[in-house]
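1. sequence plus the predicted model coming up.
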Amino acid sequence: MIEIVPREQPSRRLTTGVPLLAAIGSLLLAAIPLAFAGAPIFAAYGQMFTGVFGSLFSFTEMLTRATPLIFTGLAAAVAFRAKLWNIGGEGQLYLGAMAAVWVGTGMIDGPPILLVPIVLLAGAVAGGLGMLGPALLKTRFGADEVVTSLLLNFIILIFVQMMLEGPLKDPMSLGWPQSEPIVDEAVLPQLIAKMRLHAGFLLAIGTAIIAHVIMAMTVWGLRIRAVGENAAAARHAGMPVTRIFLSVAFASGALAGIAGVSEVAGLRGYLTTDLSPGFGYTGIVVAMLAGLSPLGVVAAALFIASVFVGTDSMSRAMGVSSFLADLTVSMSLICVLLGGFFARFRIRRVRTEDAA
Amino acid sequence: MPDSPPVLSLRGMTKRFGSVLAADHIDLELARGEVLALLGENGAGKTTLMNMLFGQYTADAGSVHVWHEDGTEIILPPGQPQAAIEARIGMVHQHFTLAENLSVIDNILLGTERLLHLNRNRRAARAKLEALMIHSGLDAPLDRKVRELSVGERQRVEILKALYRDVRILVLDEPTAVLTPQEADMLFASVRSMVEQGLSVIFISHKLREVLAFSDRIAVLRHGKKTGEMATNDADTASIIRMMIGEEHDMPERTPGTPRDSVLKLDGVSIHPTRETRGLRDLHLDLRAGEIVGIAGVSGNGQSALARVLSGLLAPDAGAIEVGGERIAALTPRAALSHGIGRIPEDRHHDGIIDALSVAENLVIERLGDADVQRAGFLRRASMAKNAEELSAAYDVRGPGIHARSALLSGGNIQKLILARVLETQPNVILANQPTRGLDFRAAAEVSRRLISARDKGAGVILISEDLDEVLSLADRVLVMHAGELTETESRDRASIGQLMAGHAA
């Protein structure tokens, strides 16, 4: 007989150990599709490792990849804490990028010290408004924000496409649907010469620390947690539940919007419709892997970015499909969900002693 | 009836949850045609024991023996609910397990028919049920939807559901929690008549009066052990309580309050019945400082609507609320707090605390703006911890500490936490909605004592309770709520208040 008993209080070792084990587990499980692809497994793992840690370039590439994931991961983590299911990170990312391009391609002139914050702010506001819509629909009409925020992604992407074919199109692009480049004053500076790593990464780390401080140490953070855990009791205690909910929605959307700014102003320089390979969606995995903790998001984003960059390099070297990266990331999510179960419950064998 | 043959024997039932021994070698015998009352404080092991009987928990040790009518003995395999059902053991849970959108007959037949049976033999089922209703004296409108039934009717449906399955052993878990005294008497009369036809009953209750009136034998559990067993004829309240809590029970003595100025007035407060069950009809109430006004009544007669109005969660359709000399149409939770209305909610888990937050955090969630809680939007953790240490000590909140999640506290300690939060602000008005529901004697007595002392310090208290004994023991004035109306009564007589609770003019 096997019995499943809830643990009274999951220990700290368990709550931090489980995501770690899940990460390792998903890497090990990646051996199965690797074997199917016919690659020598140990060599493949080696290639995956050197693909990330083998050189300064590959390592900074990983950090560059992690940057938008930290922002979108934070966007999901903050919202999920309040039980606001923002699935629209992808769309908000594009809104932020679009606002950055709109403001940062010559609309305003100024020194970098002025222009960079303005571009960031514009992206944050655009992303924030992008999530405020679904949140208002939820508080006013009870519309499910999972559906509205998800569907909004496609609408926004088509809108971006329209803008890139029209008003935002770069006349010098020889017909390609892309925006004008961001002016030099609005570009996020490189951190290391000749590497693509940009100041957006430091901004992401700083944002995660601020998010942690807000969540753990401020009245606003306490209210967000209260509304997420028990909205009825929060309302009974006199908290402005709707206002808190809307403020979280705006903050979450703003974080995803900054991800878009960071990609446009730090990496690409201009906007196209392939700016993000699903950073908004991957952010959800990052947040779950992090247990919705803002500092955990940094670690989870680094891990997922390593998987992506490492697998990319492996697939180039070994000739296996790079879809393996998506597979590993998906498996890590499944491992985390499974691990969460083991963190909350204990499984034990029961022997029935015969008293008759 | 000790001479009757046994139908059920639990032997050495033991169950451990982590470090807690929830049931420790409990033996229990039930004879044919006997009513056994199972008593105990919360957490004494009653539910654990019943869950092992029904195979919902696998016992760590012990065995369940059942005897068939022909005297053959079987041992129920542990951890298999199906075996308990086949042995014709039935249970009526405290919380109803009926599907509200189905008719009574569908609810009763649910689970007795095979999934892929195409022609349902409704006529035979109906005939059997009708015979059963005449036999047992329990009747229910078979074709009405459960949604439309009163709680008393739903209770009867639950019992009919068990009887339809030909149970020989019936477990009733706090069956009268939601019934008027009259409905409870009717229920006992019908169960009694079925017992005479050979049914055996295990009856779990908190209400000693019922236990003494209705059972044949009493078994008492405490801390997972059986601490006593006696024939009801030999028992009295004091001896039972001694077995339950291990010492003489001292219920706070009611001292009359000294009512002073009015602190809260309801003036024609009404809520249309389509908005809230039963609605509220033209309520008038004048609460004075230094008195406890008790509102008795069967739950579902508008008490929760009244409580929600006073808590600021529900705006009345008509009428006004006068509080602190101000006349307002509707309160919000914020406004209720700023007018000094302290609220002890009915459902403490749902409205009272936020499980995942710490004890220290839960103690300040109603006053997050105060200077000792925050400075410039940042929480003052040290000051919050000091506040929590002081209040935990003063109100005897026990648990794994002030930084632990409140979910880890027991029900009684959660209630003490809420009391501490409400009383420390010295409210002028205290709304206590079912403040002792589900608490054991000791915790309930503590809550009662706190309410009386708050009253003596000058608060006006509105006590809403289903437990008439509690209202009578605490309230300076008694009002009865029925079908959304409040009626004040001078009477302190159970029977005449019971009449009012059932909607008859006294």
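-> Looks like it arrived, so ask away.

2. tally of neighbours for the residue nearest to residue A:321 when sequence neighbours are not counted?
-> Closest residue to residue A:321 apart from its sequence neighbours, by CB to CB, 6 or more residues apart in numbering or on different chains: residue A:315 at 6.2 Å. For glycine as for every other residue, the C-beta is placed from the backbone atoms N, C-alpha and C. Look at residue A:315: counted by other CB atoms under 10 Å in any protein chain shown, it has 21 neighbours.

3. now do the contacts for residue A:315.
-> A:321-322, A:324-325 (CB atoms under 8 Å, 6 or more residues apart in numbering or on different chains).

4. going by neighbour count, list what's buried in the one helix or strand it maps to.
-> Counting by DSSP states H and E, the element that carries residue A:315 is helix A:294-318. Of the residues in helix A:294-318, those buried under the neighbour-count criterion (16 or more other CB atoms under 10 Å in any protein chain shown) are A:294-315, A:317-318.

5. after it, which helix or strand is next?
-> helix A:323-344.

6. ok, for the closest residue to chain B within the stretch 51-200 of chain A, nearest residue in space, not its chain neighbours?
-> Nearest to chain B, among the residues of the stretch 51-200 of chain A, is residue A:81, at 10.2 Å (CB to the nearest CB). Nearest non-adjacent residue to residue A:81, counting by CB to CB, 6+ apart: residue A:228, 5.0 Å away.

7. if we can go back for a sec, show the average pLDDT along the helix holding residue A:315.
-> For helix A:294-318, mean pLDDT is 90.

8. now the angle from it to helix A:323-344?
-> 150 degrees (axes from the mean of the first three to the mean of the last three CA atoms, to 10 degrees).

9. which residues does residue 317 contact?
-> Let's take chain A. Contacts of residue A:317 (CB under 8 Å, 6+ apart): A:47, A:51.

10. actually, chain B is the one I wanted.
-> B:270-272, B:275.

11. let me know the pLDDT of residue 39.
-> Let's take chain A. At residue A:39, pLDDT is 80.

12. ah, I was thinking of chain B
-> At residue B:39, pLDDT is 85.

13. one more: residue B:246?
-> So, for residue B:246, pLDDT stands at 63.

14. with residue A:196 instead?
-> pLDDT, residue A:196: 93.

15. ok, so of the contacts of residue A:315, who is nearest residue B:417?
-> Closest to residue B:417 out of these is residue A:325 (48.6 Å), distances taken as CB to CB.

16. now do the contacts for that closest one.
-> Taking CB under 8 Å, 6+ apart as the test, what residue A:325 contacts is A:307-308, A:310-312, A:315.

17. next one: the closest residue to it other than its chain neighbours from residue A:274, what distance?
-> Once flanking residues are discounted, residue A:325 sits nearest to residue A:311: 3.7 Å by CB to CB, 6+ apart. Remark: distance between residue A:311 and residue A:274 (CB to CB, to the nearest Å) = 19 Å.

18. show me what the helix or strand of chain B with the lowest mean pLDDT is in contact with.
-> The weakest-scoring helix or strand in chain B, judged by mean pLDDT, DSSP states H and E, is helix B:237-245 (a mean of 73). Contact with helix B:237-245 is made by B:39-41, B:44, B:208, B:211-212, B:218, B:220, B:222, B:227-228, B:230, B:248-249, B:440-442, as judged by CB under 8 Å, 6+ apart.

19. returning to what we had before: hmm, residue A:82 and the residue nearest to residue A:81 touching each other?
-> Yes - between residue A:228 and residue A:82 there is a contact under CB atoms under 8 Å: 4.2 Å.

20. center of chain A - which residue?
-> Central residue of chain A (CA atoms, centre = their mean): residue A:283, 2.3 Å from the mean position.

21. which residue, other than its chain neighbours, is closest to that residue?
-> residue A:72 (2.7 Å).

22. quick one, what contacts residue A:277?
-> No contacts exist for residue A:277 under CB under 8 Å, 6+ apart.

23. any idea of the pLDDT on residue A:9?
-> 62.

24. also the one 10 residues further on?
-> We have a pLDDT of 79 for residue A:19.

25. pretty sure it contacts residue A:339?
-> Yes - contact criterion CB under 8 Å: residue A:19 and residue A:339 qualify, at 6.9 Å.

26. quick one, helices of the stretch 1-150 of chain B?
-> B:46-53, B:81-86, B:104-109, B:122-136 (DSSP state H, counting those that start in this stretch).

27. just to revisit the earlier point, how about the residue nearest to the centre of chain A, secondary structure?
-> Three-state assignment for residue A:283 (DSSP: H, G, I helix; E, B strand; the rest coil): helix.

28. thought it was touching residue A:258?
-> No - shown here, residue A:283 and residue A:258 do not form a contact pair, counting by CB under 8 Å, at 11.9 Å.

29. joint contacts of the two?
-> Taking CB under 8 Å, 6+ apart as the contact rule, residue A:283 and residue A:258 both touch residue A:71.

30. burial of residue B:107, as a residue count?
-> Residue B:107: 25 surrounding residues under other CB under 10 Å.

31. I'd say it and residue B:99 touch.
-> Yes - in this structure residue B:107 lies within contact range of residue B:99 using CB under 8 Å: 5.8 Å.

32. what ranges does the stretch 301-450 of chain B have for its helices?
-> B:303-311, B:333-338, B:359-362, B:381-395, B:411-423, B:441-456.

33. now do the stretch 1-150 of chain A
-> Under DSSP H, counting those that start in this stretch, the stretch 1-150 of chain A gives helices at A:12-29, A:31-36, A:41-53, A:56-81, A:89-104, A:112-141, A:145-165.

34. tell me which of these is the most buried.
-> helix A:89-104 (a mean of 30; mean count of other CB atoms under 10 Å in any protein chain shown).

35. who are the packing partners of it?
-> helix A:56-81, helix A:112-141, helix A:145-165, helix A:241-263, helix A:279-289 (3 or more CB pairs under 8 Å, 6 or more residues apart in numbering or on different chains; DSSP states H and E).

36. so for the helix or strand just after the least confident helix or strand of chain B, mean pLDDT?
-> Using DSSP H and E, the helix or strand that follows helix B:237-245 towards the C-terminus is strand B:262-271. Taken as a whole, strand B:262-271 carries a mean pLDDT of 93.

37. contact partners of strand B:262-271?
-> Contact partners of strand B:262-271, identified using CB under 8 Å, 6+ apart, comprise B:279-289, B:305-306, B:309-310, B:314, B:316-324, B:327, B:341, B:428-429, B:459-460, B:462, B:484.

38. any of the residues you listed buried? List them.
-> By 16+ other CB under 10 Å, the contacts of strand B:262-271 give B:279-281, B:283, B:285, B:287-289, B:305-306, B:309-310, B:314, B:316, B:319-321, B:323, B:341, B:428-429, B:459-460, B:462, B:484 as buried.

39. for the helices of the stretch 301-450 of chain B, which one sits closest to chain A?
-> Closest among these, using CB to the nearest CB: helix B:333-338, at 4.0 Å.

40. which bits of the stretch 401-506 of chain B sit near chain A?
-> B:404-405, B:408 (CB under 8 Å from any CB of the partner chain).

41. I meant to write the stretch 251-400 of chain B there.
-> B:311-313, B:332-334, B:336-337, B:343, B:345, B:350-357, B:361, B:365-366, B:368-369, B:373-374, B:377-379, B:381, B:400.

42. quick check: chain neighbours aside, which residue is closest to the residue of the stretch 401-506 of chain B found nearest chain A?
-> The nearest approach of the stretch 401-506 of chain B to chain A comes at residue B:408, 6.3 Å away (CB to the nearest CB). Once flanking residues are discounted, residue B:408 sits nearest to residue B:400: 5.4 Å by CB to CB, 6+ apart.
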